[in-house]
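[1] can't give you the sequence, but here's the structure:
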């Protein structure tokens, strides 16, 4: 089994998340410190005969005490997010090398083969599948009859002219046909081998199926062999 589990941070985890949270925390801390400076200056220079109302000062102190607590909470949440994302990468390790089913608008051609999983027949009786290149040209088109259970459609990487395409990510479109031949919506999922899991800078953890990258929320299950 080969593959990659990769993050963009060191042992502390969540560099991108930490940078974003730190920026927000710094802003809160700056506002809090500015308030304390202004309050101290005001107290030092106020007219003793017209001192600040104690209730007003107390309310302001209570409000900014809440801000100070929020600063501390943000710091703890930043660390928690980093630890959680690191745990997710570890959890992804067993998926590497496995066949997985995901929602994606791109088909992964791996080792000269790509797979779509079609739903069981219902209102839709047939599916018209088109594999497209980056310019939108049709490389392959098939009409498949749906059965009583979900079924897989495989592309051997060859165009209609018999030219073999290189491994990579390809656009695809699936249209359903009912018993009268009218077009109906239909949803197909992509099946492929998980080859890597990584967290790009500033983003969520991604699972890669060759050249196709999807979020973990796009996973629909471990595909049957």
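    Great, that's in hand. Source: prediction; values computed, not measured.

[2] each with direction, which strands does the longest strand seen in the chain pair with?
    Looking across the chain with DSSP state E, the single longest strand is strand 168-177. Strand 168-177 has its sheet partners listed here by DSSP bridges as strand 106-109 (antiparallel), strand 126-132 (antiparallel), strand 183-184 (antiparallel).

[3] contacts only, for the residue nearest to residue 174 when sequence neighbours are not counted.
    Excluding its sequence neighbours, the residue lying closest to residue 174 (CB to CB, 6 or more residues apart in numbering) is residue 188, at 4.6 Å. For glycine as for every other residue, the C-beta is placed from the backbone atoms N, C-alpha and C. Residue 188 is in contact with 116, 117, 118, 119, 127, 129, 153, 172, 174, counting by CB atoms under 8 Å, 6 or more residues apart in numbering.

[4] closest to residue 223 among the residues you listed?
    residue 117 (7.4 Å; CB to CB).

[5] need the contact partners of the host helix or strand of the closest one.
    According to DSSP states H and E, residue 117 maps onto strand 114-118. Under the contact criterion CB under 8 Å, 6+ apart, strand 114-118 has outside partners 101, 107-108, 127, 129, 131, 144, 146, 150-155, 157, 170, 172, 174, 186, 188-192, 223.

[6] next, residue 63: secondary structure please.
    What DSSP: H, G, I helix; E, B strand; the rest coil gives for residue 63 is helix.

[7] hang on, residue 220 packs against residue 103?
    Yes - counting by CB atoms under 8 Å, residue 103 is a contact partner of residue 220 at 6.2 Å.

[8] need the residues touching each of those two.
    Here residue 220 and residue 103 have residue 189 as joint contacts, going by CB under 8 Å, 6+ apart.

[9] picking that back up, can you tell me which of the contacts of strand 114-118 are buried?
    Among those, those scoring as buried are 101, 107-108, 127, 129, 131, 144, 146, 151, 153, 155, 157, 170, 172, 174, 186, 188-192, 223 (criterion: 16 or more other CB atoms under 10 Å).

[10] by how many degrees do the helix or strand residue 153 falls within and strand 126-132 diverge?
    If you go by DSSP H and E, residue 153 is part of strand 151-155. Relative orientation of strand 151-155 and strand 126-132, computed by axes from the mean of the first three to the mean of the last three CA atoms, to 10 degrees: 30 degrees.

[11] now the nearest residue to residue 157 once chain neighbours are set aside: phi and psi?
    The shortest distance from residue 157 to any non-neighbouring residue, by CB to CB, 6+ apart, is to residue 112 (4.6 Å). The phi/psi pair for residue 112 (degrees, to the nearest 10) reads phi 80, psi 20.

[12] pretty sure residue 112 sits against residue 167.
    Yes - with contact defined as CB under 8 Å, residue 112 reaches residue 167; the gap is 7.0 Å.
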